[in-house]
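K.L.:
this one's structure only:
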Ligand SMILES: NC(=O)C1=CN([C@@H]2O[C@H](COP(=O)(O)OP(=O)(O)OC[C@H]3O[C@@H](n4cnc5c(N)ncnc54)[C@H](OP(=O)(O)O)[C@@H]3O)[C@@H](O)[C@H]2O)C=CC1
Ligand SMILES: CC(=O)C(=O)O
Ligand SMILES: [Mg+2]
């Protein structure tokens, strides 16, 4: 279906120039871009769907084959091509090509096939794409700011042709998924995350800006890659690095205002926590790996307990990993435990962390405990191996986020099955190659009793005549809806309470039917409805707690959001016809 005049909130005049060239003034029904330029502009392009009238009016008649192919037909063609490829990296390249060619068609097909395509444009395939970014690089997307641009960051931001950016996802490429330092190759992550802003939450794509901060890379293999797209230098750290990030934050505010959301993504551990503390009260920002992950995992714990039937206060959680994801989850989990009436100390006592040097205990001889980990250090004898830790602590839940593949070995999984009727096993590390265990391993070792979720998707598992549908415990269930809420309701300070509210909202959306199928999250195919409902709930929470600054407060939040979400229908470029009254122009002076 095609819109005559475009929906409200769709391509808007003036404020929505092409992503490719500045100051192209686009009016619905009468784009100022004409001729071949309109076909080359992914925001305006309609492929073969330009009508004869449009082709003549826009000066592109003859530049296209004569047939008119509606968006439906073109979507069908996309799917034919998608299935033709025999590997996911080629599918990734194909979809990126489509995004660069015809944005509306790209989002329409992704939205309609989200369960099929999310593993391509997001984890796990995006991880492989980042590792091979130089080879698959076709066309630049997003903004690159390097350490050598110190003092000029604002000027670079001004080179971005769009004036009404509302959200930025930024990485410095140091910890890309569980794949480590990929330098500028990490750009695939902000691009993928922002594609989900639109696909999952309907955020206007033109208002999203992916940014890579390139301060070099310590990954020698990448530095020596002849196709590497970034600085071939070791990472700059210390005062200069901090100065660049400070300058970047200020430049965002100067260019796009203090309400522009800045989502930190896949920074190294040592910087992620520092920046979150430094900026969280001064800028509109959150760290997805720490806070987004926390919300999705806590939601998963809440729903898992509906299956295990164990009250929150009776659970014991062991984390494999004590980094951004684990500490983020552990802290929010304590908040969730405290919400059930438990004291802070008792909540902390329920949570045990394991890092690369073993169980986190006070006075650990094998390397002390510092920073964020200290809060969780227990008075307990040191234990090195996860197997022994599970035997000693007897957790009800093990949560993996250390990017150590296979860390949940058969013994650990079997022991979890012996300790618990329904053991909770979350293998959250990404991409799939880094998962602590597979879904099948978890179900088999526990005789189908595991309550399982993973960071990257696993296919359904058949076991003893039952089909299990493992849930995807990925922050993708949180950040798109959260970002929509922040943008729509003008939330400026993203508090921890907002993340707990997000977790509770997501948990409420899980049905008994989902749980019966082995899911602790709603099916991925529902992620768009889930993200919109999540945004609605967060906005309601934010107004109630004086955290939303958009006035007047919308009386119907759902309707308010519906008005602003991205519409993938092509718009008509034929200006609406209107007539003057009979008498017009006839009045004599
Ligand atoms: N599902 C999801 O939504 C998300 C998943 N993740 C995934 O989680 C993983 C970790 O990310 P993140 O927390 O940000 O990374 P960090 O680098 O911040 O933390 C990694 C942690 O793992 C620990 N570790 C490393 N080796 C071992 C080992 N052999 N045994 C026990 N612990 C070990 C490290 O220990 P030490 O402190 O001693 O160095 C560190 O505490 C990644 O794979 C990432 O993709 C991240 C965010 C979201
Ligand atoms: C999902 C995600 O943000 C990560 O693995 O880093
Ligand atoms: Mg991440």
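P.N.:
Okay, I see it. All values reported here derive from a predicted model rather than from experimental measurement. Ligands and ions are numbered 1, 2, ... in the order given.
K.L.:
low-confidence ranges in this protein?
P.N.:
Counting by pLDDT under 70, the chain contains low-confidence residues at 1-30, 587-589.
K.L.:
What's the separation between residue 343 and residue 350?
P.N.:
As judged by C-beta to C-beta, to the nearest Å, residue 343 and residue 350 stand 11 Å apart. Quick note: C-beta positions are derived from backbone N, CA and C, even for glycine.
K.L.:
Between the two, which has more neighbouring residues?
P.N.:
Set side by side, residue 343 and residue 350 show more neighbours around residue 350, with 20 against 10, by other C-beta atoms under 10 Å.
K.L.:
measure the nearest residue to residue 476 once chain neighbours are set aside to residue 128 for me?
P.N.:
On the basis of C-beta to C-beta, 6 or more residues apart in numbering, the spatially nearest residue to residue 476 that is not a chain neighbour turns out to be residue 196, at 5.6 Å. Taking C-beta to C-beta as the measure, residue 196 falls 17 Å from residue 128.
K.L.:
Between the two, which is the more surrounded one?
P.N.:
residue 196 (25 against 21).
K.L.:
could you list every residue that touches residue 265?
P.N.:
Contact criterion C-beta atoms under 8 Å, 6 or more residues apart in numbering gives 169-171, 189-190, 193, 287-289 as the residues in contact with residue 265.
K.L.:
Now residue 93: closest residue in space, sequence neighbours ignored.
P.N.:
According to C-beta to C-beta, 6+ apart, the nearest residue to residue 93 is residue 136 (5.2 Å).
K.L.:
for the one you found, what are its contacts?
P.N.:
Contact analysis of residue 136 by C-beta under 8 Å, 6+ apart lists 89, 92-93, 96, 129.
K.L.:
The strand or helix carrying residue 503 close to ligand 1?
P.N.:
With the criterion set as DSSP states H and E, the secondary-structure element containing residue 503 is helix 496-508. No. Using C-beta under 6 Å from any ligand atom, we find that helix 496-508 stays clear of ligand 1, coming within 12.5 Å at best.
K.L.:
circling back to that earlier point, can you tell me how far the residue nearest to residue 476 sits from residue 461?
P.N.:
The span separating residue 196 from residue 461 equals 26 Å under the rule C-beta to C-beta.
K.L.:
so where's the longest strand in the protein?
P.N.:
Determined from DSSP state E, the single longest strand within the chain is strand 208-214.
K.L.:
for stretch 535-554, which positions count as buried?
P.N.:
535-543, 547-548, 550, 554 (16 or more other C-beta atoms under 10 Å).
K.L.:
The most centrally placed residue in the chain: what's it in contact with?
P.N.:
With distances taken as C-alpha atoms, centre = their mean, the chain has residue 193 as the residue nearest its mean C-alpha position (3.9 Å). Counting by C-beta under 8 Å, 6+ apart, residue 193 makes contact with 122, 169, 210, 263, 265, 288, 479.
K.L.:
can you give me phi and psi for it?
P.N.:
In this entry, residue 193 is assigned phi and psi values of phi -60, psi -40 (degrees, to the nearest 10).
K.L.:
any idea how far it is from residue 233?
P.N.:
The gap separating residue 193 from residue 233 is 26 Å, by C-beta to C-beta.
K.L.:
Mind picking the one among the contacts of residue 193 that's closest to ligand 1?
P.N.:
Using C-beta to the nearest ligand atom, the shortest approach to ligand 1 within the contacts of residue 193 belongs to residue 288, at 7.2 Å.
K.L.:
Following element in sequence after the host helix or strand of residue 531, please.
P.N.:
Assigning secondary structure by DSSP H and E places residue 531 in helix 527-544. For helix 527-544, the following helix or strand on the C-terminal side (DSSP H and E) is helix 557-564.
K.L.:
Now do that following helix against helix 527-544, angle only.
P.N.:
With axes from the mean of the first three to the mean of the last three C-alpha atoms, to 10 degrees applied, the angle from helix 557-564 to helix 527-544 works out at 120 degrees.
K.L.:
Determine the set of other helices and strands touching helix 557-564.
P.N.:
Taking 3 or more C-beta pairs under 8 Å, 6 or more residues apart in numbering; DSSP states H and E as the contact definition, the neighbouring helices and strands of helix 557-564 are helix 479-489, helix 527-544.
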